[in-house]
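Chemist: Could you work out the structure for the sequence below:
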Amino acid sequence: MDRLAEAGTLEEVQRIVRTTARSSLAAHGATLVLLDGDLCYYADEDSMSPLWKGQRFPAANCISGWAMLNRQTVAIRDIRFDSRIPQEAYRPTFVRSLLMAPILRPEPIGAIGCYWAIPHAATPAEIELLESLALVAGEALERFPEGLPARGFFN
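Modeler: Numbering: from 1, shown residues only. Sure thing, here's the model as predicted:
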């Protein structure tokens, strides 16, 4: 977390967030999502296989948007049985479980997601860790407003 306070570029913040999230939670993948108007922009990822880096999805139709809209962390043990998951986007991936924490400053600016290739019930410690990372990530991201996408969907 201290490394985020010292990061000198937006790219460094993104790298620290994605690698810290994945390694700290022993996840098979992690992503940093930024809110871009009414879209969720999958800005960066650290994953065992490519997911959605560089892609944008309507915030109203994806789980990172759900976490931001509802201002709460969401843990899903098996994505195949959750109606909030756009199955067509997840079907070709390894993802079976996820944990998604919104980045709030105080309005949503993004989310951090962790993914597992097997059904995984996030523990209270994992949830707390990802929420803490989201808090510090928000502070770090706001130091680089010129690199953040347009906000406004939730305002």
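Chemist: Show the backbone phi and psi for Asp78.
Modeler: Note on Asp78: its backbone torsions stand at phi -140, psi 110 [degrees, to the nearest 10].
Chemist: make that Cys114, sorry
Modeler: According to degrees, to the nearest 10, the main-chain angles of Cys114 amount to phi -120, psi 140.
Chemist: So in terms of bridging, what pairs with it?
Modeler: With DSSP bridges as the criterion, Cys114 is bridged to Ala30, Leu99.
Chemist: I'd like to know how many residues surround it.
Modeler: The number of residues packed near Cys114 is 28, by other C-beta atoms under 10 Å. To be clear about C-beta, it is placed using only N, CA and C from the backbone, and glycine gets the same treatment.
Chemist: Verify the contact between Leu34 and Pro108 for me.
Modeler: No. At 9.9 Å, Leu34 does not count as touching Pro108 under the criterion of C-beta atoms under 8 Å.
Chemist: What residues sit buried inside the one helix or strand Leu133 maps to?
Modeler: Using DSSP states H and E, Leu133 sits within helix 124-141. For helix 124-141, burial by neighbour count (16 or more other C-beta atoms under 10 Å) applies to 126-127, 129-131, 133-134, 136-138, 140-141.
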